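Trainee: here are the coordinates; sequence isn't available:
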């Protein structure tokens with residue numbers, strides 16, 4: 001039976017061991033790549049230069065009670081554990097949860113922890129190896145259902161731009177940022193080269209919760225607050241969610257003014273904070289605007305409306321207040337296989353959460369908005385799950 005998109009999860013994670021992508025790292029640098037090691041007391045961990053052991057636990061909850069450590073990528077019978085398998089296993093897990101496609105972010109460890117690798121060439125080789133693995137081994141099994149994010153290195157604008165272009169050449173559908181394109185927690189003028197290239201390539205840009213820094217530095221009342229870009233950014237993000245500092249910095253830097261067609265997507269932000277969050281951003285900007293040496297062309301909430309998308313997970317409150325939200329800017333995801341996932345009961349959760357919500361709004365959030373952002377053809381017949389998928393999923 002032919003199948004088309006009905007439900008798209010816009011936030012999932014690939015949480016396999018580093019063993020999967022290590023063969024795609026240039027041989028010269030494999031010894032410096034992350035290693036899977038047994039965790040004292042059981043389970044698996046990642047060993048990465050410059051980091052303590054990163055324990056696999058909550059990242060492999062997959063609908064079970066989360067554990068801080070002691071989780072393995074393998075079951076006792078040698079099969080991969082739920083959420084840690086190959087592409088065919090992932091398709092079978094989508095079927096079990098009633099999903100037709102997922103936007104897949106990299107393993108948490110493969111972004112944050114890699115920044116401790118001191119050799120810049122090794123760092124780039126590892127990022128490139130992961131992206132090559134996605135393009136050559138993982139996504140081709142069902143490129144219409146496995147929408148994996150290529151990782152953009154967080155070292156320099158030149159390396160970020162080069163990997164953006166390489167991801168496009170590899171055929172990846174989206175890329176994810178962990179820092180501003182220049183590799184730092186703050187925007188710089190050279191970032192414009194990246195934004196311009198992303199638009200020219202038609203490459204959707206994503207982030208998991210935020211990119212750059214999660215929170216602003218403490219800004220005291222001393223000195224001349226109007227002279228500091230951070231003071232302006234701080235005053236425009238008086239709300240409770242981590243994307244706001246990233247967004248405030250981009251607004252203050254004029255990114256959206258120079259690139260009116262630029263869109264950014266932030267996964268796992270939830271959405272019920274948006275009414276008060278955007279209100280506070282606007283109110284605080286207007287309250288302190290007279291003290292700033294730089295003025296915004298629009299209110300913060302207007303920049304958000306025109307340029308930014310958010311993804312909620314099990315945020316029931318958001319759908320109970322949907323009339324107060326910018327629903328055109330929302331997507332939904334399971335965050336599978338992390339601890340907050342709705343797997344394997346996503347369909348029941350969705351039916352309950354969207355009860356009483358206009359069917360058009362449901363279709364927009366679960367289908368139309370992610371399809372438009374990630375350039376998916378809603379009329380296409382989808383790749384079927386191979387019949388020889390591994391048992392036990």
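Mentor: That came through fine. As the structure is a computational prediction, the values presented were derived from the model and not from experiment.

Trainee: need the strands for this structure, in chain order.
Mentor: Under the criterion DSSP state E, the chain contains strands at 8-13, 35-38, 44-47, 54-55, 101-105, 146-151, 174-177, 205-208, 264-267, 308-312, 330-332.

Trainee: of all those, which lies closest to residue 382?
Mentor: With Cβ to Cβ as the criterion, residue 382 lies closest to strand 101-105 of those, at 7.5 Å. Where you see a C-beta, it was placed from the backbone N, CA and C, and this is true even at glycine.

Trainee: Need the contact partners of the closest one.
Mentor: Residues outside strand 101-105 that contact it (Cβ atoms under 8 Å, 6 or more residues apart in numbering) are 5, 8-14, 90, 94, 144-149, 174, 176, 206, 208, 267, 333-334, 336, 370, 374, 376, 382.

Trainee: thinking again about what came up before, okay, the strands of the chain in a markdown table with mean pLDDT and mean neighbour count next?
Mentor: Listed next are the strands of the chain as a markdown table, based on pLDDT from 0 to 100; neighbours: other Cβ atoms under 10 Å:
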| stretch | mean pLDDT | mean neighbour count |
| --- | --- | --- |
| strand 8-13 | 98 | 28 |
| strand 35-38 | 92 | 14 |
| strand 44-47 | 92 | 20 |
| strand 54-55 | 85 | 20 |
| strand 101-105 | 98 | 27 |
| strand 146-151 | 98 | 26 |
| strand 174-177 | 98 | 23 |
| strand 205-208 | 97 | 24 |
| strand 264-267 | 98 | 24 |
| strand 308-312 | 98 | 24 |
| strand 330-332 | 98 | 27 |
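
Trainee: Reformat the ones you listed as TSV; add distance to residue 343.
Mentor: As requested, the strands of the chain are exported to TSV (distance: least, Cβ to Cβ, whole Å):
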stretch	distance to residue 343
strand 8-13	9
strand 35-38	23
strand 44-47	20
strand 54-55	21
strand 101-105	11
strand 146-151	16
strand 174-177	21
strand 205-208	18
strand 264-267	16
strand 308-312	15
strand 330-332	13
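
Trainee: Out of the ones you listed, the one nearest residue 22 is which?
Mentor: Closest to residue 22 of these, according to Cβ to Cβ: strand 35-38, at 8.4 Å.

Trainee: and the closest residue to residue 129 other than its chain neighbours, how far is that from residue 38?
Mentor: In space, and not counting its chain neighbours, residue 129 is closest to residue 25: 3.3 Å by Cβ to Cβ, 6 or more residues apart in numbering. As for residue 25, its distance to residue 38 is 22 Å (criterion: Cβ to Cβ, to the nearest Å).
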